[in-house]
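got a sequence here, can you model it:
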Amino acid sequence: MDMEVEDDGTRSTAEEQHQDAPPGTSPCCSPSKRDNPVSWLKSLEAGIGKRLCCMRNISGDPSLVRRLEIKFELKGHTGCVNACSFTHDGNTLITGSDDTTLRLWDWRTGRRRLVIDTSHDGNVFQAKELPAAGPRSIVTCAADGEVRLMQLAESHFEERLLAKHSGRAHKLALNPARPDTFVTCGEDGIVKQIDVRCKEDKTLFNVNRVPLHAIVFNPLKFGDVLAVAGADELVRVYDTRSISSGPLSKLSAYDSDGEYHVTCVDYSIQGELLVSYNDGDVFLFPPGSESTQDGSTGSGDSAVQTYTGHRNADTVKGVTFYGPNHEYVCSGSDCGNVFIWDKETGEILQMLRADRQIANCVEPHPQEALVLATSGLQHSAKIWAPTAPDSTVPGDMEECMKENKHDRDTHQAANLLDSAYAFLYSRLVRGNSPDHV
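Sure, this is the predicted structure:
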């Protein structure tokens with residue numbers, strides 16, 4: 001596998017801070033409050049921790065969300081950027097693209113660090129660091145159905161095929177309790193469990209006849225409970241310790257009429273479940289919604305909040321929680337904007353012009369809570385931070401929301417009319433068939 005290293009030999013101020021910082025600390029946080037609270041307090045008294053107060057311990061105040069501005073546009077891919085993820089130490093952003101390459105970025109300076117030509121034959125849909133597999137280890141899944149592991153070996157990357165779906169493999173989720181293990185889902189309806197220490201993958205279960213687009217672990221369940229969703233209206237929640245019993249529960253915000261399907265799901269640190277629907281809204285289900293224990297289907301009545309204003313029709317949109325305590329909800333949109341809502345009230349606080357066409361990916365930074373990476377159909381990713389002196393909320397946000405609603409209503413009306421014509425035609429054909437004469 002080819003690997004291109006791009007480094008001009010210079011170090012930015014952030015890199016110098018990171019180089020000089022003790023192991024395990026952030027480049028803008030040395031010493032760390034979490035790693036050494038006594039030293040952290042002393043540094044505050046000495047005035048050294050001012051930047052830490054601004055970034056690592058930044059509050060979730062809505063005024064900061066309204067001051068988000070673009071810091072860097074990360075250019076270099078030659079196809080749509082479908083994957084964005086930060087490494088566990090927070091220093092690097094990984095992007096994956098239709099051009100089948102991975103690119104590693106110093107997001108603080110906008111400089112590209114590495115270009116990795118993968119062996120995937122289709123669009124890279126997701127790429128995440130798997131630190132337990134070794135330094136600079138990245139797992140990927142793609143449109144060719146393959147799941148691969150990339151590992152840095154001296155001056156090059158070694159690549160290994162871990163598993164293969166019989167259809168596009170859209171998402172993977174790292175097990176929060178088992179660092180060598182992750183799961184994948186694909187359009188074959190299969191969920192695979194992969195332990196990189198083993199030679200073969202394990203099929204956990206098969207959601208028959210339902211192509212899967214999304215998978216996520218509940219962070220409060222120690223890697224035992226996960227949710228999957230795809231080409232129908234249901235979110236299925238499973239306990240991996242009792243797969244043979246079927247799903248713990250099935251959640252849906254819409255009736256099972258085939259009009260809606262799920263594009264993305266996410267869990268908050270409080271155990272809430274976020275569900276985004278194709279050409280529908282985003283819904284928040286409270287903690288414990290999946291605990292029916294009988295596989296029954298929960299209705300949209302159990303959702304505690306609905307988020308509207310965006311449009312999710314043309315591609316598979318991501319949705320995520322955002323903020324140091326997951327106070328906000330983020331989603332991409334067909335209009336090219338990323339919308340940010342207040343989780344509790346459902347109010348739209350911000351609209352970011354993330355893509356000239358369609359915005360798909362939204363990825364919050366794991367430590368610097370209001371730093372955000374976005375990408376879409378453009379051949380680039382963008383880094384956002386709450387550093388603008390004044391509000392950056394666009395003046396045409398309300399108009400954009402109205403246009404999105406109009407487009408959605410028009411599309412749904414057309415679908416309803418098509419369904420009515422199809423029904424009448426089928427009745428006409430049946431009525432003229434020999435069996436009905």
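
any stretches of the stretch 1-150 of the chain with poor pLDDT?
Counting by pLDDT under 70, the low-confidence segments of the stretch 1-150 of the chain come to 1-59.

now the stretch 251-400 of the chain
When residues are selected by pLDDT under 70, those of the stretch 251-400 of the chain lie in 290-301.

can you show me the helices along it?
397-432 (DSSP state H, counting those that start in this stretch).

which residues in it form strands?
When secondary structure is read from DSSP state E, counting those that start in this stretch, the stretch 251-400 of the chain shows strands at 262-267, 273-277, 282-285, 297-298, 305-307, 319-322, 328-331, 337-342, 348-353, 359-364, 372-376, 380-385.

dump these to CSV, plus distance to Asn404 and mean neighbour count.
Quick note: C-beta positions are derived from backbone N, CA and C, even for glycine. Written out in CSV, the entries for the strands of the stretch 251-400 of the chain read as follows (distance: least, CB to CB, whole Å; neighbours: other CB atoms under 10 Å):
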stretch, distance to Asn404, mean neighbour count
strand 262-267, 16, 26
strand 273-277, 14, 25
strand 282-285, 13, 25
strand 297-298, 27, 18
strand 305-307, 12, 19
strand 319-322, 15, 23
strand 328-331, 11, 27
strand 337-342, 9, 26
strand 348-353, 11, 22
strand 359-364, 12, 26
strand 372-376, 15, 28
strand 380-385, 20, 23
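
do you know which of those lies nearest Phe125?
Closest approach to Phe125 among these (CB to CB): strand 359-364, 10.1 Å.

what about the residue nearest the centre of the chain, distance to Gln151?
In the chain, the residue lying closest to the centroid (CA atoms, centre = their mean) is Gly318, at 5.0 Å. In this view, Gly318 and Gln151 are 26 Å apart by CB to CB, to the nearest Å.

could you dump the strands of the stretch 251-400 of the chain to CSV with distance to Gly186?
CSV is the format used below for those (distance: least, CB to CB, whole Å):
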stretch, distance to Gly186
strand 262-267, 15
strand 273-277, 19
strand 282-285, 24
strand 297-298, 23
strand 305-307, 28
strand 319-322, 20
strand 328-331, 23
strand 337-342, 26
strand 348-353, 30
strand 359-364, 18
strand 372-376, 22
strand 380-385, 24
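
closest one to Gly122 among those strands?
For the strands of the stretch 251-400 of the chain, proximity to Gly122 was assessed by CB to CB; strand 359-364 is nearest, at 16.4 Å.

what sits up against that closest one?
Defining contact as CB atoms under 8 Å, 6 or more residues apart in numbering, one finds that strand 359-364 is touched by 80-86, 93, 315-323, 330-333, 336-338, 352, 370-377, 381.

parallel or antiparallel, which strands does it pair with?
In the sheet containing strand 359-364, its partner strands are strand 372-376 (antiparallel), by DSSP bridges.

between the strands of the stretch 251-400 of the chain, which gets nearest to Val65?
Smallest distance to Val65 across the strands of the stretch 251-400 of the chain (CB to CB): 4.9 Å, for strand 348-353.

pretty sure Ser166 is in a strand, no?
No. Checked against DSSP: H, G, I helix; E, B strand; the rest coil, Ser166 lies outside a strand; its state is coil.

now it. Nearest residue, chain neighbours left out?
In this structure, Ser166 finds its nearest non-sequential neighbour in Asp188, 4.4 Å apart by CB to CB, 6 or more residues apart in numbering.

for the closest residue to Glu327 other than its chain neighbours, what are its contacts?
Sequence neighbours aside, Gly60 is the residue nearest to Glu327 in space, at 4.3 Å (criterion: CB to CB, 6+ apart). Counting by CB under 8 Å, 6+ apart, Gly60 makes contact with 323-325, 327-328, 369-370.

host element of Ser63?
Assessed by DSSP states H and E, Ser63 sits inside helix 62-65.

what residues sit buried inside that helix?
Judged by neighbour count using 16 or more other CB atoms under 10 Å, the buried positions of helix 62-65 are 62, 64-65.

how about stretch 74-90?
Burial within stretch 74-90, assessed by neighbour count using 16+ other CB under 10 Å, is assigned to 74, 76-77, 80-87, 90.

helices of the stretch 1-150 of the chain, start to end?
Along the stretch 1-150 of the chain, the stretches classed as helices by DSSP H, counting those that start in this stretch are 13-20, 37-45, 50-54, 62-65.

does Trp384 really touch Phe72, like I thought?
No. Applying CB atoms under 8 Å as the test, Trp384 and Phe72 come out as separate, 9.3 Å apart.

tell me which residues of stretch 107-124 come out buried.
Those buried within stretch 107-124 under the rule 16+ other CB under 10 Å are 107-109, 111-116, 118, 120, 123-124.

now do the contacts for Val265.
For Val265, the set of contacting residues under the criterion of CB under 8 Å, 6+ apart consists of 214-216, 227-229, 235, 273-276, 319.

any chance of those in JSON lines with distance to Lys405 as columns?
Shown next, in JSON lines, are the contacts of Val265 (distance: CB to CB, whole Å):
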{"residue": "Ala214", "distance to Lys405": "24"}
{"residue": "Ile215", "distance to Lys405": "30"}
{"residue": "Val216", "distance to Lys405": "28"}
{"residue": "Ala227", "distance to Lys405": "28"}
{"residue": "Val228", "distance to Lys405": "29"}
{"residue": "Ala229", "distance to Lys405": "24"}
{"residue": "Val235", "distance to Lys405": "24"}
{"residue": "Leu273", "distance to Lys405": "25"}
{"residue": "Leu274", "distance to Lys405": "21"}
{"residue": "Val275", "distance to Lys405": "20"}
{"residue": "Ser276", "distance to Lys405": "16"}
{"residue": "Val319", "distance to Lys405": "18"}
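
any idea which of those residues is closest to Ser244?
Val228 (16.3 Å).

many thanks, we can stop here.
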